[in-house]
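Novice: mind looking at a prediction? Sequence and model below.
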Amino acid sequence: MNKQLLPKFHITGEKGWINDPNGLVVFQGEYHAFFQYYPHDVKWGPMHWGHVKSRDLITWETLPVALRPDEQDGGCFSGSAIVWQEKLWLMYTSFNENEGGESIRQLQALASSADGVTFEKHGIVIGEEDLPSEYCPWDFRDPSVFRRGDTFYCVTAARKRGAGGRLLLFSSPDLFRWTFCCDLFDRDCDGSMTECPSWSDELNLLLFSEQFRPHEGGKYCNVHSCLYQFGTLENAGFVPSEEEDILDYGFDIYATQIFSGAPVMMGWLSMWDRSDPLAKFGFAGQLTLPRVLSVKNGKLRQKPVYRAEEVRKEENVSSLFDTLVTGAIKVEAENLSAFSIKLRKKGNSFASFALVENEWIFDRSQAGEKIEGVEKDEDSLAGIRRMPKENTQKTEIEIVSDKYSLEIFVNGISLTSVVCPEEDADGVELSLTAEKSTYTKYLVK
């Protein structure tokens, strides 16, 4: 693996395949991030848990693989982490293929570590006998564990027999003995299966992903979607305080998770059922930047975390030319009426982000190597994603660019996508109309 080919500041497995972030947690003053990992190929395989840690969410140290398939686990599927009794505990889905179909078993298992590096497996803790009979033990996964007082809770994804995806709640006094509490929504999801729940007591926030949710205009255009909803989560169920909403408007984000111990989120910066132009470099998949979460006007807001040096600042520009491959651009504007930026430009190749008739449009159709998915709607085939514009006096646009990704934030609402232009494609062309504006460029260290 030539490490020069890797993204500059996004987490990867360095070689092989990664997907969902797992077990995001603060332990002994450090941030630990795990992820679904297959080190032996650039496609999905028997799942391990890769592991990195950081003191600042910026510089990450690669640690040994935390969980591996073995006689107990044919694969270690997604899950979460919690600190208890001065140990780091991982709760994950033990996957066994068996004969396939309804003989597959996805059950919830536990592992622990005193040093945060070496883990001991404790076996299945939410087994088939703990799952109510109306739910499928072959579609039962992705435990999200949290604690209130002396009681632990776990939200898991499941499927009801003969029906669709659900979210279930379990409780425990000790992480080992679990009791079913409720079906959180007591209805099928709008897609075919719910996955990767993540609950934050601090924000009263539930994240979850849905497979094959039908698209509605500019929403849910990806074949698999990330959603969020505010509300209260109790033993009897989930009571929403706001309508559910899309978490990100881009092509490539899935399985978002919140750190246990901090209001910070990460996701998989890729998507199922889509071509992967990065595999030729010897790795597949990366994680998004960490994003600090907040709430404003009933909407979830995301702020990317990175360390950067300011290298250019311009006031009240109407047009501008610049260069950028790995770094960030921030535009702050008052009463913005027009905006267009081309990124990673080389000749006629570029990605664009523009304000068109009161909505934001991202277009990667000319941004280097073509990326295709199973989506058949007009926008997807054209390489386009749309995001609604808020009617605000002040607009802050923050664009973080790495070698193979663009993470765009408009007043904290995000649009995330993979791009694969030529390595030296670095042009930036900006035009805007506003009463007042500031353009700032940063180079990420």
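Specialist: Happy to help now that I have it.
Novice: check the chain for its longest strand and report it.
Specialist: When the chain is parsed with DSSP state E, its longest strand is strand 135-148.
Novice: got the buried residues for it?
Specialist: 135-146 (16 or more other Cβ atoms under 10 Å). Placement of C-beta: from N, CA and C, glycine included.
Novice: does anything pack onto it? Which helices or strands?
Specialist: strand 75-84, strand 87-96, strand 105-113, strand 151-160, strand 165-172, strand 193-200 (3 or more Cβ pairs under 8 Å, 6 or more residues apart in numbering; DSSP states H and E).
Novice: parallel or antiparallel, list what pairs with the second one.
Specialist: Going back to what we said before, that points to strand 87-96. Here strand 87-96 is paired, per DSSP bridges, with strand 75-84 (antiparallel), strand 105-113 (antiparallel).
Novice: so can I have JSON lines of those strands showing mean pLDDT?
Specialist: Output for the strands paired with strand 87-96, formatted as JSON lines (pLDDT from 0 to 100):
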{"stretch": "strand 75-84", "mean pLDDT": "98"}
{"stretch": "strand 105-113", "mean pLDDT": "98"}
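Novice: how about the residue nearest the centre of the chain, nearest residue that isn't a chain neighbour?
Specialist: Nearest residue to the geometric centre of the chain (Cα atoms, centre = their mean): residue 267, 1.6 Å. Nearest non-adjacent residue to residue 267, counting by Cβ to Cβ, 6 or more residues apart in numbering: residue 256, 3.8 Å away.
Novice: keeping just the C-alphas, turn the strand or helix carrying the one you found into PDB.
Specialist: Following DSSP states H and E, one finds residue 256 within strand 254-258. Output in PDB follows, covering the C-alpha atoms of strand 254-258 (Å, rounded to 0.1, in the frame of the first residue of the first chain):
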ATOM      1  CA  TYR A 254     -24.200   6.200   5.800                       C
ATOM      2  CA  ALA A 255     -24.300   4.600   9.200                       C
ATOM      3  CA  THR A 256     -23.700   7.800  11.200                       C
ATOM      4  CA  GLN A 257     -22.900   7.400  14.900                       C
ATOM      5  CA  ILE A 258     -22.500   9.700  17.900                       C
END
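Novice: gap between it and the chain center?
Specialist: Offset of strand 254-258 from its chain centre (Cα atoms, centre = their mean, to the nearest Å): 4 Å.
Novice: cool, stretch 157-176 as well?
Specialist: Distance, centroid of stretch 157-176 to centroid of chain: 21 Å (Cα atoms, centre = their mean).
Novice: quick one: buried residues of it?
Specialist: Using 16+ other Cβ under 10 Å as the test for burial, stretch 157-176 gives 157-160, 164-172, 175.
Novice: below-threshold pLDDT in this protein: ranges please.
Specialist: The chain contains residues with pLDDT under 70 at 1.
Novice: tell me which helix or strand residue 351 sits in.
Specialist: Here residue 351 is assigned to strand 349-356, by DSSP H and E.
Novice: and that strand, how far out from the chain middle?
Specialist: Distance, centroid of strand 349-356 to centroid of chain: 23 Å (Cα atoms, centre = their mean).
Novice: equivalent analysis for stretch 116-131, please.
Specialist: Centroid displacement of stretch 116-131 relative to its chain, using Cα atoms, centre = their mean, is 24 Å.
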